[in-house]
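Chemist: Quick one, structure for this:
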Amino acid sequence: MIKFMRILLFLFVVELGFCGYLVAKRLSRPLPVLPDAEFVDPLMMADYRELASQAEKGSSKEWVKLGQALLGQGYYSYAENCFRQAVKNDPTDGLAQASYAFCLERTGRTQASTREYEKLEPLLGKKSTAFANKKHLLYATGRNYLREENAAEAEKKFRQNVDFQPADYQLAKLLVRSGQAESALSIIERNLEQSPRSLNFLALQAQALETLGRESEAKQAAEKVERALEIIPLNFNTELVKPYSVRHGIEKEVEAYNHLIKRNDMDHLAEKLEEIFTLLEDRPMPQYKATLVSMIEVEFQRKNPERILMLIDKLKEHGVEDADLLQFKAGAYILSGEMEKAVPLLQRVLKMSPTIEVHQTLANYYEQQNDTEKRDYHQAKMALLYAMIAYRNNQLPAAEEAIQRAVKLNSRDPQAWFYYAETKRHLGDLKAAQTAYKQCIELNPNHGRALRELERLTAGKDASD
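Modeler: I've put the predicted structure just below:
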């Protein structure tokens, strides 16, 4: 009996010890902390809990996945905890290290962020991702120094990042501000050879030339800005975060819908949007308006005016009313044959956001009404918009053709005469430009740009005489 009791006692001690070990192991494991986003997106919370469970039992890889899901929705502090644990589990994980540094940067702890970015240097031989490669690393640390107003260290980092256009731009901007515009110009001109229509570098070139007192050259550079559409990316936050934002929750369903658009099956798209809308349940989410607008677009394709008007009313209940919705409402009336209700709405749209499409619709309507004056007015506005688009794309011959049609159809539009003058001036026809500026000013005596350009042309002519 005593021997049996000893065996039982031994087994009890062993079991107690093993249970203690399991409890200690469980307590020593880091626990993920999640935001309370149930009301915002219940689907997202379900994903968060599943990922948290995997991270709690898993390795660096699982912690990174949870961190990315949190990062994708802007929960930087929560994501930071995950990436820090991932780095602790695997110090060679470059993506985890870069993401941890990024979270510190986004929450304003730039010095700590820079230290963490610099830890990436030994890991850069592995797969390159945003901020986990040499150029992005140097650029990110340089921007951190800029935020700290440490221009000397920022300049040093940007100088180390040769031929990386965002770094070149930041360096040139620093040099202009510190009175070294000549040095900045060499960097700017080198980049303009590579990207001659860069809005960033053209604007900076104009600023540098003006600083040096080279007014004529500064003006020429400034004029090119209006006809430059290429933008050098200076912020890579979206590049890093965007892929993570569509992996979970409602946004995942929206992304699935976006892929279905290519099928052009409106009935199927309408069904999918209805599913998404049911999931939203009137929650104040960014996807709420976007989903309703998509539903309106699909119903327009399905030629269902009653449902379009119902969905527009639903948006108005939530305080949403803009030019796009007015245009869709007009479209619903056009579908139902109530053009007299559509026309005033389209006229309101033009005051808010003029488009070629709306002018075309009204031009066709007035053509049917045999109102040639109003038809020509809207056709002239269409030609003006075409001319402005071509002008800003630096397609001057196309702009000239369109603007000539605009002034022929409506010779009382000062804006058309101004762009006629601008186009002619850039094409070298200064006499025609001067005449057009005068015509613009006659119609609008307070047109500042036309007054300024006419004065410059007149002064230039007097100087040549």
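
Chemist: Pull out the buried positions in stretch 138-154.
Modeler: Residues 138-146, 150, 154 are the ones in stretch 138-154 that count as buried (16 or more other Cβ atoms under 10 Å). (C-beta placed from N, C-alpha, C; glycine too.)

Chemist: which SS class is the residue nearest the centre of the chain?
Modeler: Centroid-nearest residue in the chain: residue 238, 7.9 Å away (criterion: Cα atoms, centre = their mean). Here residue 238 is helix, with the state taken from DSSP: H, G, I helix; E, B strand; the rest coil.

Chemist: can you put the buried residues of stretch 138-154 in a markdown table and add distance to residue 365 and pLDDT?
Modeler: Below are the buried residues of stretch 138-154 laid out as a markdown table (distance: Cβ to Cβ, whole Å; pLDDT from 0 to 100):
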| residue | distance to residue 365 | pLDDT |
| --- | --- | --- |
| 138 | 58 | 90 |
| 139 | 53 | 92 |
| 140 | 54 | 91 |
| 141 | 59 | 93 |
| 142 | 56 | 93 |
| 143 | 52 | 94 |
| 144 | 57 | 94 |
| 145 | 59 | 94 |
| 146 | 54 | 92 |
| 150 | 61 | 94 |
| 154 | 57 | 93 |
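
Chemist: From those, pick the one nearest residue 457.
Modeler: Within the buried residues of stretch 138-154, the smallest distance to residue 457 is 41.2 Å, found for residue 146 (Cβ to Cβ).

Chemist: what pLDDT does the residue nearest to the centre of the chain get?
Modeler: Predicted confidence (pLDDT) for residue 238: 78.

Chemist: Against residue 294, how distant is it?
Modeler: The spacing between residue 238 and residue 294, counted by Cβ to Cβ, to the nearest Å, is 21 Å.

Chemist: what kind of secondary structure is residue 337 in?
Modeler: coil.

Chemist: hang on, residue 117 packs against residue 98?
Modeler: Yes. Residue 117 is within contact range of residue 98, at 7.4 Å (criterion: Cβ atoms under 8 Å).

Chemist: Which one of the buried residues of stretch 138-154 is nearest to residue 193?
Modeler: Closest to residue 193, out of all of the buried residues of stretch 138-154 and judged by Cβ to Cβ, is residue 139, at 21.1 Å.

Chemist: How is the chain partitioned into domains?
Modeler: 162-249, 262-353, 367-465 (automatic domain parsing).

Chemist: Next, format those as a markdown table and append distance to residue 53.
Modeler: Below are these laid out as a markdown table (distance: least, Cβ to Cβ, whole Å):
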| stretch | distance to residue 53 |
| --- | --- |
| domain 162-249 | 14 |
| domain 262-353 | 22 |
| domain 367-465 | 53 |
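
Chemist: Of these, which shows the lowest average pLDDT?
Modeler: domain 262-353 (a mean of 84).

Chemist: Now do the buried residues in the helix or strand hosting residue 65.
Modeler: Under the criterion of DSSP states H and E, residue 65 resides in helix 60-71. Neighbour counts over helix 60-71 (16+ other Cβ under 10 Å) mark 60, 62-71 as buried.

Chemist: now stretch 290-299
Modeler: 291-299.

Chemist: in the stretch 51-200 of the chain, which spans are helices?
Modeler: 60-71, 76-89, 94-106, 110-118, 134-147, 151-159, 165-177, 181-194, 199-211 (DSSP state H, counting those that start in this stretch).

Chemist: of all the ones you listed, which lies closest to residue 354?
Modeler: helix 199-211 (22.9 Å).

Chemist: neighbouring contacts of that closest one?
Modeler: 169, 172-173, 176, 179, 181, 184-185, 188-189, 191-192, 195, 215, 217-219, 221-222, 224-225, 228-232, 234 (Cβ atoms under 8 Å, 6 or more residues apart in numbering).

Chemist: just checking, residue 407 touches residue 418?
Modeler: No. With contacts counted by Cβ under 8 Å, residue 407 stays clear of residue 418, the gap being 10.4 Å.

Chemist: and the two? which has more neighbours close in?
Modeler: Shown here are residue 407 and residue 418; by other Cβ atoms under 10 Å, residue 418 has more neighbours (23 against 20).

Chemist: Just say helix, strand or coil for that one.
Modeler: Residue 418 is classified as helix under three-state DSSP.

Chemist: What sits closest to it if chain neighbours are left out?
Modeler: residue 440 (4.6 Å; Cβ to Cβ, 6 or more residues apart in numbering).

Chemist: Identify each buried residue in the helix or strand hosting the one you found, please.
Modeler: Assigned by DSSP H and E, residue 440 belongs to helix 430-443. Neighbour-count burial for helix 430-443 flags 432-437, 439-441, 443 (criterion: 16+ other Cβ under 10 Å).

Chemist: Identify, from these, the entry nearest to residue 343.
Modeler: Nearest member of the buried residues of helix 430-443 to residue 343, counting by Cβ to Cβ, is residue 443, at 26.2 Å.

Chemist: list the contacts for the closest one?
Modeler: 412-414, 417.

Chemist: Among the residues you listed, which one sits closest to residue 307?
Modeler: Closest to residue 307, out of all of these and judged by Cβ to Cβ, is residue 413, at 38.9 Å.

Chemist: Distance of the closest one relative to residue 427?
Modeler: 20 Å.

Chemist: tally of neighbours for residue 276?
Modeler: 20.

Chemist: Touching, it and residue 255? I think so.
Modeler: No. Applying Cβ under 8 Å as the test, residue 276 and residue 255 come out as separate, 10.5 Å apart.

Chemist: Of all the domains of the chain, which one comes closest to residue 83?
Modeler: Nearest to residue 83, of those and by Cβ to Cβ, is domain 162-249 at 12.0 Å.

Chemist: chain center to that closest one, what's the gap?
Modeler: Domain 162-249 sits 18 Å away from the centroid of its parent chain (Cα atoms, centre = their mean, to the nearest Å).

Chemist: Tell me how many other residues crowd residue 261.
Modeler: Residues near residue 261, counting by other Cβ under 10 Å: 13.

Chemist: quick revisit: export the buried residues of helix 430-443 to a markdown table and append columns for distance to residue 451.
Modeler: Shown next, in a markdown table, are those (distance: Cβ to Cβ, whole Å):
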| residue | distance to residue 451 |
| --- | --- |
| 432 | 18 |
| 433 | 14 |
| 434 | 13 |
| 435 | 15 |
| 436 | 13 |
| 437 | 8 |
| 439 | 13 |
| 440 | 9 |
| 441 | 6 |
| 443 | 13 |
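
Chemist: Grab the two from those residues that are most spread out in space.
Modeler: Going by Cβ to Cβ, the pair spanning the buried residues of helix 430-443 furthest: 432 and 443, at 16.8 Å.

Chemist: picking that back up, which elements pack onto the helix holding residue 65?
Modeler: helix 42-57, helix 76-89, helix 94-106, helix 237-245 (3 or more Cβ pairs under 8 Å, 6 or more residues apart in numbering; DSSP states H and E).

Chemist: No further queries at this time; thank you.
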